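Undergrad: take a look and give me a structure for this.
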Amino acid sequence: MNSAARLVALCVVLAAPAAFAQSPGPLAPAGVMPVPIAKDKPYPGQIHLDVDASDTVQRVIRVHETVSGINGETVLLYPKWLPGTHAPDGPIQQIAGLKISAGGASVPWTRDPADVYAFRVHAGAGVKSIEIEFQYLSAPGDAFGYLEMSRDLLIMEWNNVVLYPAGYFVRQIPVVATLKLPAGWQSATALETASSNGSQTTYKSVGLETLIDSPLFAGRYAKRFELDPGSPAPAYLDLFADRPAFLEVKPEQIEAHRNLVKQAYKVFGSRHYAHYDFLYSLTDQVYQEGLEHQQSSENGTDPNTFTDWDKLAFERDLLAHEYTHSWNGKFRRPADLWVPTYHVPMQGSLLWVYEGQTQYWGNVLAARSGLRTKQQALDALAGNAAYYEIQAGRRWRSLQETTNDPVMDPGRHPIPWVNWQRFEDYYSESDLVWLDVDTLIRERSQGKRSLDDFAHAFFGINDGSTVTVTYTFEDVVKALNAVEPYDWAKFLRERLDATGKGAPLDGLRRGGYKLVYTDTPSDYQSASEGQSKRTGLLNSIGLEMNDKDKAGSISEVVWDGPAFKAKLTQGMQIIAVNGIAYEADVLKEAITAAKGTNAPIELIVKYDDRYLVLNIDYHDGLRYPHLERDTSVPARLDDILAPR
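TA: Have a look, this model is predicted:
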């Protein structure tokens with residue numbers, strides 16, 4: 001081949017990819033309707049939603065909707081971005097059997113292949129109303145997801161069982177909901193009843209936003225307690241349990257919950273609900289959750305929460321946390337977390353306020369109300385501070401960066417190296433940041449002002465209103481400056497954006513305490529580990545074991561800690577310690593015996609189908625966190641935890 005021929009051949013080769021590349025097709029099939037942009041105007045029809053949740057055996061929830069206001073072709077949406085979860089985790093995969101009809105005739109529908117939460121309904125011209133039927137397949141067992149229903153209890157989240165027309169703000173779509181429960185069951189919800197007929201209840205018409213923000217708990221065994229007698233905005237504790245014995249509640253326990261309502265009102269100075277229901281399940285049969293709503297909250301803890309009251313203090317900030325959300329998160333909400341429909345993506349840049357400051361108030365209000373003792377509150381804070389002292393992930397990932405976690409992992413799947421990866425630390429690390437803020441305000445103002453003043457001014461506006469008021473970073477800074485002038489923007493950004501620095505413990509020191517370690521756990525930590533069947537040795541050898549299902553099963557390893565360097569990892573099972581069959585106490589005794597020596601701690605572990613001998617080089621003994629009073633500094637933390 002001569003030079004000219006070679007040049008021609010080369011040009012052909014170089015041109016071939018372009019010549020044979022597939023031409024891009026249309027972005028969407030011809031004739032497919034786009035999802036209409038939502039407008040803030042009244043929807044011209046309404047939704048009649050009939051839900052049958054009476055099947056406690058197969059746990060299939062049957063749904064029938066009548067949607068009026070249709071104008072021929074339309075788009076129906078299934079809730080995707082759910083308030084409170086900050087994530088696109090609507091369980092679309094659990095609906096089945098979808099049928100749509102109009103005037104008795106079947107109406108075809110098509111799921112949008114690029115947006116599986118959107119259903120394009122091909123109704124003919126002149127169709128003004130459609131009938132919708134489908135089943136919501138609630139998980140029949142743990143292998144299929146969160147259990148929402150058992151033989152004796154139901155957690156009903158309305159977003160699971162509704163399709164709604166696109167093109168309108170969800171607050172503008174009226175819904176009349178009817179629910180059928182098993183015979184003899186009781187229920188509680190923030191919704192108001194229009195009528196009842198045996199096991200079937202119809203609720204007053206509300207906007208779709210209010211419906212979805214008003215979950216329902218129901219069950220065979222229930223009790224209700226009034227928490228704010230004589231208030232124009234009453235509050236109730238609605239208990240549902242697996243067995244009647246778990247509903248035996250002592251007067252002093254109810255009094256602590258009444259104090260919670262009183263102490264929250266003293267902090268915020270307003271109420272943003274007409275009435276409030278603490279929906280509270282005491283169960284190990286359905287999932288235990290904490291989820292906020294404007295006029296109620298979903299709460300779930302161990303069945304014996306009240307009957308073993310003294311052992312379960314570690315759970316008792318839950319109601320205080322979710323109740324605080326009625327002010328912070330529901331009434332006042334970060335601007336990028338407010339969306340007009342459940343189809344618009346959320347952004348969580350201010351979750352360190354939404355969840356972080358709520359975490360702070362949850363802990364403080366639990367102590368002020370008597371749900372926890374002062375010592376229990378200090379012990380909880382010590383454990384939190386110690387965790388972030390050894391968290392390796394702070395070296396590379398900022399606190400602000402963790403606000404992306406709900407979108408990155410909406411299912412909250414198990415994380416293999418949580419100490420290195422970090423996960424949703426805008427909750428607990430932000431708790432320490434807000435303690436830092438509170439104590440700094442107290443120090444600078446010589447005790448005249450505190451974070452209570454910020455909360456009262458920021459969340460206490462518009463008493464009685466349930467209309468959401470959004471806020472930005474600049475709004476938070478401005479409100480802090482109104483309480484105590486300071487460069488709060490710089491202060492916050494340094495703590496939110498920094499990497500490679502130590503845990504934010506200035507609030508502890510300024511509060512009059514220091515973090516110390518001893519070889520004995522606090523009663524609070526012992527109770528927590530005993531109830532959950534965990535063995536926490538993160539602050540010594542860098543291991544935590546989950547002994548609940550399999551003795552010696554490693555659930556967490558501190559990145560770069562002693563156990564990590566010995567090549568231990570999650571999923572291994574410790575079989576023996578220094579030649580002795582594994583028990584938690586055997587491992588603790590081995591750690592104590594190795595203190596001050598050169599002898600390693602020898603472990604025999606099972607990993608997959610192999611047995612390994614691994615040696616941990618650690619000689620500092622057992623280390624459990626505590627807070628110790630520093631008398632050279634005013635006891636500001638004591639003041640923070642004291643009831644008002």
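Undergrad: how is this protein carved up into domains?
TA: 47-324, 332-512+630-641, 540-622 (automatic domain parsing).
Undergrad: which regions of the stretch 101-250 of the chain sit below the pLDDT cut-off?
TA: Segments of the stretch 101-250 of the chain classed as low confidence (criterion: pLDDT under 70) are not present in this model.
Undergrad: which parts of it are strands?
TA: 105-106, 109-112, 115-121, 129-137, 153-156, 164-165, 174-180, 186-189, 193-197, 200-203, 206-207, 216-219, 221-226, 235-241 (DSSP state E, counting those that start in this stretch).
Undergrad: can I get those in a markdown table including mean neighbour count and distance to T341?
TA: The way it works is simple: take the backbone N, C-alpha and C, and place the C-beta from them, glycine included. Compiled in a markdown table, the strands of the stretch 101-250 of the chain are given as follows (neighbours: other CB atoms under 10 Å; distance: least, CB to CB, whole Å):
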| stretch | mean neighbour count | distance to T341 |
| --- | --- | --- |
| strand 105-106 | 9 | 27 |
| strand 109-112 | 16 | 15 |
| strand 115-121 | 19 | 11 |
| strand 129-137 | 19 | 18 |
| strand 153-156 | 25 | 21 |
| strand 164-165 | 25 | 8 |
| strand 174-180 | 21 | 14 |
| strand 186-189 | 20 | 22 |
| strand 193-197 | 11 | 26 |
| strand 200-203 | 19 | 22 |
| strand 206-207 | 18 | 12 |
| strand 216-219 | 26 | 22 |
| strand 221-226 | 16 | 34 |
| strand 235-241 | 24 | 29 |
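Undergrad: nearest to A498, of the ones you listed?
TA: Nearest to A498 among those is strand 115-121 (37.5 Å), distances taken as CB to CB.
Undergrad: in its sheet, what does that closest one sit against?
TA: Based on DSSP bridges, the pairing partners of strand 115-121 within the sheet are strand 74-77 (antiparallel), strand 109-112 (antiparallel).
Undergrad: identify the residues contacting the closest residue to R271 other than its chain neighbours.
TA: Among residues not flanking R271 along the chain, A233 sits closest, at 4.5 Å (CB to CB, 6 or more residues apart in numbering). The neighbourhood of A233, defined by CB atoms under 8 Å, 6 or more residues apart in numbering, consists of 271, 273-276, 464.
Undergrad: hmm, back to that, to L365, which of the strands of the stretch 101-250 of the chain lies closest?
TA: Using CB to CB as the measure, strand 235-241 is the one of the strands of the stretch 101-250 of the chain that comes nearest L365, at 13.6 Å.
Undergrad: give me the pLDDT for A15.
TA: Among the per-residue scores, A15 holds a pLDDT of 44.
Undergrad: chain center to stretch 447-458, what's the gap?
TA: Here stretch 447-458 is found 26 Å from its chain centre; the criterion is CA atoms, centre = their mean, to the nearest Å.
Undergrad: now do the buried residues in it.
TA: Using 16 or more other CB atoms under 10 Å as the burial criterion, the residues of stretch 447-458 that qualify are 450-456, 458.
Undergrad: G596: which of the strands paired with strand 115-121 is closest?
TA: Closest to G596 of the strands paired with strand 115-121, according to CB to CB: strand 74-77, at 64.9 Å.
Undergrad: in its sheet, which strands sit next to the helix or strand just after that closest one, and in what direction?
TA: Past strand 74-77, heading to the C-terminal end, the next element that is a helix or strand (DSSP states H and E) is strand 81-82. Neighbouring strands of strand 81-82 in its sheet, by DSSP bridges, are strand 87-88 (antiparallel).
Undergrad: what's the strand it pairs with in contact with?
TA: Applying CB under 8 Å, 6+ apart, the set of residues contacting strand 87-88 from outside is 80-81, 345-346, 406-407, 410.
Undergrad: could I have the buried ones of those as PyMOL selection syntax?
TA: What follows is the PyMOL syntax selecting those of the contacts of strand 87-88 that are buried according to 16+ other CB under 10 Å:
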select buried, resi 80+81+346+406+407+410
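Undergrad: what is the most widely separated pair among the contacts of strand 87-88?
TA: Put simply, by CB to CB the two of the contacts of strand 87-88 set farthest apart are K80 and P406, 13.0 Å from each other.
Undergrad: how about stretch 284-292: buried residues?
TA: Buried residues in stretch 284-292, counting neighbours by 16+ other CB under 10 Å, are found at 285-292.
Undergrad: which residues are contacting it?
TA: Taking contacts as CB under 8 Å, 6+ apart, the residues outside stretch 284-292 that touch it are 84-85, 146-155, 215, 242, 281, 297-303, 318, 321-322, 325-326, 329-330.
Undergrad: do me a favour and get the end-to-end distance for it?
TA: 21 Å (CA to CA, to the nearest Å).
Undergrad: please state the offset of it from the chain centre?
TA: For stretch 284-292, the separation from the chain centroid amounts to 10 Å (computed by CA atoms, centre = their mean).
Undergrad: just stretch 560-571 next, same as before
TA: 29 Å.
Undergrad: so for that stretch, what gets flagged as buried?
TA: Using 16+ other CB under 10 Å as the burial criterion, the residues of stretch 560-571 that qualify are 561-564, 566, 568, 570.
Undergrad: kindly report the same for stretch 318-338.
TA: Buried positions in stretch 318-338, judged by neighbour count with 16+ other CB under 10 Å: 318-334, 336-337.
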